[in-house]
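Enquirer: Build me a model from this:
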Amino acid sequence: MDILLICYLFDFLLAIGLGLQCERCSSNTSSCTGAPYLCPESAKACLIITTENVVENDQWFSTYKGCTQTKNCPSLSMSFTFPSQHKQRTAKCCYRDFCNKGSVKLEKTKKKQNGLKCPGCFSMVPECQPTQMLNCHGQERKCVYMGVTVEHDDAIYVYAKRGCGTKYACTKKERTFGIPGLYAEMWKNITCSQAAR
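Expert: Purely as a prediction, here's the structure:
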């Protein structure tokens, strides 16, 4: 009987406009724990997103939890190999109160090469020409080329990069890779082609 009463009260509160509640936090680690947060009415999903960046021998993580609109729910996991750099992101959207507790699992950084190759380059200007051939890893089956804009410490940096990527990077629209409030890259003019053996 108590369970039925609790369910009835919960349904009643939803009917009178009590919004979704999510855990909200951000950190420079592979997980975080935060306080409950009442989402605005437009946000219908709880989000958890974790990124890993490896540049040569340096590795760092970022995590964000919070509310989001359903249309902004990120695609499934993505990974990239660029010259001297590996990036990956995993994310989850869910639709119940506090469903974004816990953490999401990143694949191991040292993933097995998959036999595919892509041209690679990195430039501090909006274009770059290939300077090397890169070995792709895991599910990276696309060659990607993108312009990137980063805002950091009141400065804006624009650069370009080429490398291997998973299919979820291939979209015509602009996309953000990173963590709100910590670090974010705006990807523009993304082009993709099939990686070659």
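Enquirer: what are the bridge partners for C22, then?
Expert: Y37 (DSSP bridges).
Enquirer: burial of it, as a residue count?
Expert: Residues lying near C22 (other CB atoms under 10 Å) number 27. Using the backbone N, CA and C atoms, a C-beta is placed for each residue, glycine as well.
Enquirer: With V158 instead?
Expert: Every residue meeting other CB under 10 Å relative to V158 is counted, giving 14.
Enquirer: now could you export just the CA positions of the strand or helix carrying it as CSV?
Expert: Per DSSP states H and E: V158 is located in strand 155-165. Taking C-alpha atoms only, strand 155-165 is exported to CSV below (Å, rounded to 0.1, in the frame of the first residue of the first chain):
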residue,chain,number,x,y,z
ALA,A,155,41.2,34.5,-25.9
ILE,A,156,39.9,32.7,-29.0
TYR,A,157,42.1,30.2,-30.8
VAL,A,158,41.4,28.9,-34.3
TYR,A,159,43.1,25.9,-35.8
ALA,A,160,42.6,22.8,-38.0
LYS,A,161,43.3,19.1,-37.7
ARG,A,162,43.0,15.9,-39.7
GLY,A,163,43.1,12.3,-38.5
CYS,A,164,41.1,9.2,-37.7
GLY,A,165,37.6,9.3,-36.1
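Enquirer: Could you export the helix or strand that it is followed by as PDB, CA atoms only?
Expert: Next helix or strand after strand 155-165 toward the C-terminus (DSSP H and E): strand 175-179. C-alpha atoms of strand 175-179 as PDB (Å, rounded to 0.1, in the frame of the first residue of the first chain):
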ATOM      1  CA  ARG A 175      29.400  20.300 -32.800                       C
ATOM      2  CA  THR A 176      31.000  20.800 -29.400                       C
ATOM      3  CA  PHE A 177      33.600  18.500 -27.900                       C
ATOM      4  CA  GLY A 178      34.400  19.100 -24.300                       C
ATOM      5  CA  ILE A 179      32.900  19.900 -20.900                       C
END
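Enquirer: Report the distance from strand 175-179 to the chain centre.
Expert: 6 Å (CA atoms, centre = their mean, to the nearest Å).
Enquirer: what distance separates the strand holding V158 from the centre of its chain?
Expert: In terms of CA atoms, centre = their mean, the centre of strand 155-165 is found 16 Å from the chain centre.
Enquirer: What of stretch 117-130?
Expert: With CA atoms, centre = their mean, you get 22 Å for stretch 117-130.
Enquirer: start to end distance for it?
Expert: 12 Å (CA to CA, to the nearest Å).
Enquirer: Sounds good, over and out.
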